[in-house]
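Participant: Sequence first, predicted model second:
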Amino acid sequence: MIQEQPRQDSFRWMILFMLFAATTINYLDRQILSILKPILDVELGWTDAQYGMIMSIFQASYAIGLTMFGWIIDKYGARMGFAISIIWWSVGAISHAFAVGVKSMGLSRIILGLGEGGNFPASIKTVTNWFTSGERVFATTLFNSGANVGALVAPATIPFIAAAWGWQSAFIAAGVLGFIWVAFWLRMPKEPRVKLAEESSALARAEKEEARESIPWRKLLTYRQAWSLIIVRFLTDPIWWFFLFWLPDFFNKHFGYNIKESALPLIVIYALVTVLSIIGGSLTKYLAGRGWSLNKVRKISMLIFACCVLPVIFVQYFDMWTIVAVLGLAGGAHQAWSASVYTLGSDMFPKSDVASITGLSGMAGQIGSVLFQTAVGFTLSHFVALGNPSHGYDIIFVVCGCAYLAAFIIFSLIVPKINMVESRES
């Protein structure tokens, strides 16, 4: 048993790398369409309104996929559930290459969105199984940094692939990457062969959780802890999607930059996000190592991350590179915040329900994102009509800056102390 521990430790980091790779592919796949939009405007002849509808369809499908795969993963396990998810979304990615119009492209986005919904529930479930409570935020931050890498790699590679082999080849290449990932994933061990080196009380709790039956979905919604995560993600997930979907347009409206001129600041922003998100995850690991309580570590970390987003309120007063630094800090803070929020699911719910609560709260985040992106579009259109498009972004960034602090306050009021939920009789 003791001899197996070093081997298990090596497997843990191999598995974490696989989660990082999956998240990178996940974000690469979803970014391709927005990068290729200028080409597809001509190829498919769609309007901006139709493009916006297709993006909304993707987010709605992703919200459904989060809940659907949350159940699948809790039912059949993270290993098999994850494989099904990536096979599903890889088929969806490749299907984009065969789209000939708005309807067929919309169908491809539905397939992709449903499949991609399995990534985070499966990843969180896997981290819960393989890492101790003190390691989980750091591990989550590491795999979640794949989102930043995917967002960074996409604009650096997709235009060249499309120019060399056609826009269809970009979607096919992304789908093939997913199938390669699955081939390696299925070679990974199913579960730890020896128990993690946890403190005795947490270990006893984990054993109790394993014996506990899964909480039905309808009962998850009777827990205030579940609603705390639903509200937090409803308020803060939309901000990250705003960064992904609207920053190129912001640089165009605020500075008059074209696509090529916006490329460098965007690459620098996502590079900063990648580095700073890992530093944020290291912070929680450092605080946990000082012997702080779980409640104190999570809440102090979340408060720090929320405050790091506040400077975006003042972007209208900054020069371009200061804006890049502020947005990079905000994006890194979001990813570190997101890692903490993901980990709260395993802090407050038994292992058998981690994927389900991640899926439910993730669905709330997607609903908030659909509503927020719609509001952003109407706001910008209003100020464009008034001849002052940049002012619309000033208002939107105020909302972005305040969202995390508001979410932190609401979470602290709903959950004064972070504890594992108590089971309830039917």
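Facilitator: All right, it came through fine. Please read these numbers as outputs of a predicted model, since none were measured by experiment.

Participant: for this protein, which spans come out with low pLDDT?
Facilitator: The model of the chain has pLDDT under 70 over residues 1-10, 47-49, 190-217, 258-260, 423-426.

Participant: which SS class is V137?
Facilitator: Using DSSP: H, G, I helix; E, B strand; the rest coil, the structure places V137 in helix.

Participant: who's in contact with it?
Facilitator: 281, 284-285, 288, 298, 301, 339-340, 343 (Cβ atoms under 8 Å, 6 or more residues apart in numbering). Where you see a C-beta, it was placed from the backbone N, CA and C, and this is true even at glycine.

Participant: Tabulate these (a markdown table), appending distance to F160 and neighbour count.
Facilitator: Compiled in a markdown table, those are given as follows (distance: Cβ to Cβ, whole Å; neighbours: other Cβ atoms under 10 Å):
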| residue | distance to F160 | neighbour count |
| --- | --- | --- |
| G281 | 32 | 27 |
| T284 | 37 | 28 |
| K285 | 37 | 17 |
| A288 | 42 | 22 |
| R298 | 42 | 24 |
| S301 | 39 | 25 |
| A339 | 31 | 29 |
| S340 | 36 | 25 |
| T343 | 37 | 28 |
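
Participant: ok, so of those, who is nearest K417?
Facilitator: R298 (10.4 Å; Cβ to Cβ).

Participant: thought C307 was touching C402?
Facilitator: No. C307 is not in contact with C402 according to Cβ atoms under 8 Å; the separation is 11.3 Å.

Participant: Go ahead and confirm Y257 touches F250.
Facilitator: No. In this structure Y257 lies outside contact range of F250 using Cβ under 8 Å: 9.4 Å.

Participant: When these two are compared, which one has more neighbours?
Facilitator: Neighbours per residue, other Cβ atoms under 10 Å: of Y257 and F250, the larger number sits with F250, 24 against 19.

Participant: What is the host helix or strand of the more buried one packed up against?
Facilitator: Taking DSSP states H and E as the criterion, F250 maps to helix 224-255. Using 3 or more Cβ pairs under 8 Å, 6 or more residues apart in numbering; DSSP states H and E, the elements in contact with helix 224-255 are helix 4-35, helix 259-289, helix 320-348, helix 354-385, helix 389-414.

Participant: Please identify the deepest-packed of these.
Facilitator: helix 320-348 (a mean of 23; mean count of other Cβ atoms under 10 Å).

Participant: Between helix 259-289 and that one, find me the angle.
Facilitator: For helix 320-348 against helix 259-289, the angle by axes from the mean of the first three to the mean of the last three Cα atoms, to 10 degrees is 40 degrees.

Participant: From the contact counts, what lies against helix 320-348?
Facilitator: Using 3+ Cβ pairs under 8 Å, 6+ apart: helix 320-348 touches helix 119-130, helix 133-165, helix 224-255, helix 259-289, helix 294-309, helix 354-385, helix 389-414.

Participant: Of all the ones you listed, which one is nearest I32?
Facilitator: Short answer: helix 133-165, nearest of the helices and strands packed on helix 320-348 by Cβ to Cβ, at 5.6 Å.

Participant: Who are the packing partners of the helix or strand following the closest one?
Facilitator: Next in sequence after helix 133-165, counting helices and strands by DSSP H and E, comes helix 167-185. In terms of contacts (3+ Cβ pairs under 8 Å, 6+ apart), helix 167-185 is packed against helix 4-35, helix 37-44, helix 78-95, helix 133-165.

Participant: Now do the buried residues in the longest one.
Facilitator: Applying a neighbour-count criterion of 16 or more other Cβ atoms under 10 Å, one finds 133-155, 158-159, 161-162 buried in helix 133-165.

Participant: what's the answer for stretch 98-109, then?
Facilitator: Per 16+ other Cβ under 10 Å, stretch 98-109 contains these buried residues: 99, 102, 105-109.

Participant: Same list, those residues, but as a markdown table with distance to L266 and secondary structure please.
Facilitator: Shown next, in a markdown table, are the buried residues of stretch 98-109 (distance: Cβ to Cβ, whole Å; DSSP: H, G, I helix; E, B strand; the rest coil):
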| residue | distance to L266 | secondary structure |
| --- | --- | --- |
| A99 | 26 | coil |
| V102 | 27 | helix |
| M105 | 24 | helix |
| G106 | 26 | helix |
| L107 | 29 | helix |
| S108 | 25 | helix |
| R109 | 22 | helix |
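
Participant: Return the member of those nearest to F318.
Facilitator: The closest of the buried residues of stretch 98-109, once distances to F318 are taken by Cβ to Cβ, is R109, at 34.8 Å.

Participant: ok, now which ones touch the closest one?
Facilitator: Counting by Cβ under 8 Å, 6+ apart, R109 has contacts 33, 54-55, 57-58, 61, 92, 96.

Participant: Out of the residues you listed, which is nearest to I180?
Facilitator: G92 (16.2 Å).

Participant: Now do the contacts for that closest one.
Facilitator: 108-116, 175.

Participant: next one: Y27
Facilitator: 146-151, 154.

Participant: Using CSV, please lay out those together with distance to V415.
Facilitator: Output for these, formatted as CSV (distance: Cβ to Cβ, whole Å):
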residue, distance to V415
G146, 28
A147, 26
N148, 28
V149, 32
G150, 31
A151, 31
A154, 36
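
Participant: What are the buried residues along stretch 73-84?
Facilitator: For stretch 73-84, by 16+ other Cβ under 10 Å, it's 73-74, 77-84.
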